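Enquirer: Okay, structure incoming, though there's no sequence with it:
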């Protein structure tokens with residue numbers, strides 16, 4: 001019992017420290033597994049279209065533009081220094097008086113190097129390899145000379161490094177070294193965003209103030225969700241539009257598209273189909289700049305890392321996210337202090353028995369769609385872990 005009490009005290013102390021150190025824009029959660037949740041929106045470099053139904057544009061991240069500028073500078077540096085080592089080598093050879101091994105001078109030196117020991121009876125035969133135990137029959141100096149001759153395959157191998165001719169169009173070593181360092185730093189910046197949620201959020205996202213006034217872009221404006229997004233009407237809400245059929249385009253395919261849609265309309269009101277349409281439309285719709293697109297979840301359990309998850313806008317619920325196969329929505333009651341609270345969607349199990357005696361059940365498709373959007377499918381599904389899990 002003493003051990004359990006100590007563990008309980010440690011968990012309470014950890015949770016209290018999380019609540020004390022949480023940021024100003026983070027909100028509490030009704031789940032015991034989550035300490036607090038913070039909303040984020042991406043940093044914009046290029047403005048997006050104001051149309052709510054247009055395709056999303058690719059957001060160019062700011063650090064890519066910075067590295068692109070540095071790459072252009074490095075490219076200019078490399079091009080401007082091409083041939084500099086060769087020119088400096090020629091000046092050095094003229095100053096010190098040694099022969100530049102290129103052209104006819106190189107051919108003569110290679111011929112002289114190949115035929116230099118042709119009259120030597122003990123000349124090294126390149127067709128024979130030195131065995132593991134051949135050194136036992138040699139002196140130390142003889143063995144060193146044979147090993148050196150094995151490495152000298154051409155006249156260039158016998159020259160000191162200071163007399164080897166660089167390539168004519170080779171850039172300077174410093175420019176190539178700086179380019180390699182720049183590529184390594186760029187790669188580390190990209191990988192750190194995968195390894196660390198905190199670094200990823202710091203690089204690509206801006207915290208959203210969930211307790212601001214409606215419609216104000218200066219403080220986030222989380223409460224200013226478009227009214228048509230909250231409606232459960234397919235004609236008004238773009239989040240409930242049907243998924244287009246692939247391969248059917250133009251007026252010629254209108255009849256076939258109508259026949260396919262008429263067959264699919266029978267199952268359009270099921271919870272699975274509704275959520276598929278909502279997820280698809282969330283992926284193609286243009287989110288206003290002041291609305292969040294991601295959440296950072298801080299688990300209550302010690303040792304668990306923060307998690308970055310995408311936000312899903314669901315009719316009648318608003319801002320939601322899914323964590324451990326459970327959906328949470330942001331309760332934005334104006335009576336609540338601090339901007340609201342994240343609520344885990346739970347079925348009501350506190351109804352008295354006389355309620356079921358008087359209740360007539362779901363009587364309309366609207367109630368069925370609302371229940372399907374809120375609670376999902378009436379199905380128990382244990383997801384199989386993938387290889388990455």
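Expert: Sure thing, it's come through. Worth saying up front: this structure is predicted, and the values here are computed from it rather than measured.
Enquirer: What segments of the stretch 101-250 of the chain are helices?
Expert: Here the stretch 101-250 of the chain has its helices, by DSSP state H, counting those that start in this stretch, at 104-114, 140-151, 155-158, 173-195, 197-204, 227-230.
Enquirer: which parts of the last one are buried?
Expert: Of the residues in helix 227-230, those buried under the neighbour-count criterion (16 or more other CB atoms under 10 Å) are 229-230. C-betas here are computed from N, CA, C, even on glycine.
Enquirer: before we move on, the earlier item: lowest-confidence stretch among the helices of the stretch 101-250 of the chain?
Expert: When the helices of the stretch 101-250 of the chain are compared by mean pLDDT, helix 155-158 comes last with a mean of 58.
Enquirer: is it true that residue 289 touches residue 41?
Expert: Yes. Counting by CB atoms under 8 Å, residue 289 touches residue 41, with 7.0 Å between them.
Enquirer: more crowded one of those two?
Expert: residue 41 (20 against 15; other CB atoms under 10 Å).
Enquirer: how much space is there between the more buried one and residue 178?
Expert: 35 Å (CB to CB, to the nearest Å).
Enquirer: repeat for residue 365
Expert: 66 Å.
Enquirer: ok, residue 171 - contacts?
Expert: Contacts for residue 171 (CB atoms under 8 Å, 6 or more residues apart in numbering) come out as 77-79, 81-82, 84-85.
Enquirer: Could you single out the nearest of the residues you listed to residue 270?
Expert: Closest approach to residue 270 among these (CB to CB): residue 78, at 59.9 Å.
Enquirer: List the residues that contact the closest one.
Expert: Contacts of residue 78 by CB under 8 Å, 6+ apart are 171, 175-176, 179.
Enquirer: hmm, try it at 7 Å
Expert: 171, 175, 179 (CB atoms under 7 Å, 6 or more residues apart in numbering).
Enquirer: Give me the more crowded residue out of residue 365 and residue 178.
Expert: Using other CB under 10 Å as the criterion, residue 365 and residue 178 rank with residue 178 on top: 16 against 10.
Enquirer: nearest residue to the more buried one other than its sequence neighbours?
Expert: residue 74 (6.5 Å; CB to CB, 6 or more residues apart in numbering).
Enquirer: Am I right that the one you found falls within a helix?
Expert: Yes. According to DSSP: H, G, I helix; E, B strand; the rest coil, residue 74 belongs to a helix.
Enquirer: Tell me the spacing between it and residue 67.
Expert: Relative to residue 67, and taking CB to CB, residue 74 is found at 10 Å.
Enquirer: same check, this time on residue 297
Expert: For residue 297 relative to residue 67 (CB to CB), the value is 30 Å.
Enquirer: Looking only at neighbour counts, state which of these two leads.
Expert: residue 297 (25 against 18).
Enquirer: And for residue 141, the neighbour number?
Expert: Residues near residue 141, counting by other CB under 10 Å: 8.
Enquirer: if we can go back for a sec, need the buried ones from the contacts of residue 171 selected in PyMOL.
Expert: The following PyMOL line selects those of those that are buried, judged by 16+ other CB under 10 Å:
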select buried, resi 77+78+81+85
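Enquirer: Out of the contacts of residue 171, show me where the pLDDT dips lowest.
Expert: Within the contacts of residue 171, pLDDT is lowest for residue 85, at 88.
Enquirer: State the distance from the residue lying closest to that residue once chain neighbours are set aside to residue 91.
Expert: With CB to CB, 6+ apart as the criterion, residue 85 has its nearest non-adjacent residue at 4.4 Å, and that residue is residue 166. According to CB to CB, residue 166 and residue 91 sit 12 Å apart.
Enquirer: of these two, who's got more company?
Expert: Neighbours per residue (other CB under 10 Å) separate residue 166 from residue 91, with residue 166 holding more: 16 against 10.
Enquirer: can you give me the angle the helix or strand encompassing residue 95 makes with helix 173-195?
Expert: Secondary structure from DSSP states H and E places residue 95 in helix 84-96. Calculated by axes from the mean of the first three to the mean of the last three CA atoms, to 10 degrees, helix 84-96 forms an angle of 150 degrees with helix 173-195.
Enquirer: Quick check: residue 374 touching residue 346?
Expert: No. Assessed by CB atoms under 7 Å, residue 374 is found out of contact with residue 346, at 10.3 Å.
Enquirer: Compare these two and say which one has the larger neighbour count.
Expert: residue 374 (17 against 10).
Enquirer: can you count the residues close to residue 274?
Expert: Residue 274 has 24 nearby residues by other CB under 10 Å.
Enquirer: And for residue 320?
Expert: 20.
Enquirer: do the same with the one 3 residues further on
Expert: Applying other CB under 10 Å, we find 19 other residues in the vicinity of residue 323.
Enquirer: Return the distance of the residue nearest to it when sequence neighbours are not counted relative to residue 309.
Expert: Excluding the flanking residues, the one nearest residue 323 by CB to CB, 6+ apart is residue 297, at 5.9 Å. Separation of residue 297 from residue 309 (CB to CB): 6 Å.
Enquirer: what sits in contact with each of the two?
Expert: Common neighbours of residue 297 and residue 309 (CB under 7 Å, 6+ apart) are residue 323.
Enquirer: In three-state terms, label residue 360 for me.
Expert: coil.
Enquirer: ok, now which ones touch it?
Expert: By CB under 7 Å, 6+ apart, residue 360 has no neighbours at all.
Enquirer: Return the helix or strand in the protein with minimum mean pLDDT.
Expert: Every helix and strand of the chain was ranked by mean pLDDT, DSSP states H and E. The lowest is helix 254-264, at a mean of 45.
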